[in-house]
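**Student:** quick check, what structure comes out for this input:
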Amino acid sequence: ALRMSSIILSCSQCEQIIHHLNHKIPGVNTAELCQRIQTSGIEINIADMEKIANILSFLFSTAARNNLSTEELVTTLGSAVSTLPKHALQVIRHVWNEQGKSITASEDARNVATVGQFVDMKWKLGVAMSSDTCRSLKYPYVTVTLTVADPSGQITDRSFEMTIPQFKNFFRQFKEMASVLETV
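**Tutor:** Below you'll find the model as predicted:
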């Protein structure tokens with residue numbers, strides 16, 4: 001379990017979450033944030049960073065839905081979570097004071113998405129040359145890595161391999177989607 005006393009907050013982390021809630025970025029890159037914090041000499045793992053991002057996302061979206069002022073948010077947090085470090089409250093106060101209105105003004109803050117969002121796609125063509133059971137495979141394949149942001153804003157990579165016939169089917173389906181989109 002994540003102890004509240006171990007919460008590490010940064011303005012950039014909070015700002016990324018607010019940008020995500022405003023649909024300015026597809027998600028929060030917790031791996032990058034985790035690496036930045038680790039580089040500064042603080043120990044934190046990616047799972048804890050994801051928990052912190054989820055807590056902050058819930059906090060900011062709830063505050064926006066309830067149209068809370070900075071003082072109302074800080075007072076509510078201070079009374080509800082007595083173990084929240086003072087510096088964490090200061091960061092939340094600063095970021096909400098500077099950018100909280102942008103979420104409140106956004107009508108989309110009231111309608112949280114229930115599906116993920118595409119961020120990026122990378123692919124590579126490979127050839128399996130041999131295996132322990134076959135000396136000469138020469139078997140081509142395509143590896144695809146999709147980067148997606150889930151509804152909470154967490155960015156993850158999903159990789160999969162396809163045979164050439166599978167890739168041709170995949171490509172055919174994309175061509176069908178493109179032709180349907182052209183009619184819209």
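**Student:** report the beta-bridge partners for the residue nearest the centre of the chain.
**Tutor:** A centroid search over the chain (CA atoms, centre = their mean) returns Gln154, at 2.3 Å, as the residue closest to the centre. Beta-bridge pairing of Gln154 under DSSP bridges involves Val28.
**Student:** residues contacting it?
**Tutor:** Counting by CB atoms under 8 Å, 6 or more residues apart in numbering, Gln154 makes contact with 27-28, 30, 50, 53-54. C-betas here are computed from N, CA, C, even on glycine.
**Student:** residues contacting Ser102?
**Tutor:** The contact partners of Ser102, taken as CB under 8 Å, 6+ apart, are 18, 22.
**Student:** ok, it to Arg65 distance?
**Tutor:** From Ser102 across to Arg65, the span is 14 Å (CB to CB, to the nearest Å).
**Student:** among the contacts of Gln154, who's most crowded?
**Tutor:** Neighbour counts for the contacts of Gln154 peak at Val28, which has 29 neighbours (criterion: other CB atoms under 10 Å).
**Student:** that residue touches Phe60, doesn't it?
**Tutor:** No - assessed by CB atoms under 8 Å, Val28 is found out of contact with Phe60, at 11.3 Å.
**Student:** which neighbours do the two share?
**Tutor:** By CB under 8 Å, 6+ apart, the residues touching both Val28 and Phe60 are Ile17.
**Student:** buried residues, the particular helix or strand that has Val127 in it. List them.
**Tutor:** Using DSSP states H and E, the secondary-structure element containing Val127 is strand 117-128. Within strand 117-128, the residues scored as buried using 16 or more other CB atoms under 10 Å are 117, 119.
**Student:** just stretch 37-52 next, same as before
**Tutor:** Buried, per 16+ other CB under 10 Å, within stretch 37-52: 37, 44, 48-50, 52.
**Student:** in helices, which of these appear?
**Tutor:** By the criterion of DSSP state H, membership of the buried residues of stretch 37-52 in helices covers 37, 48-50, 52.
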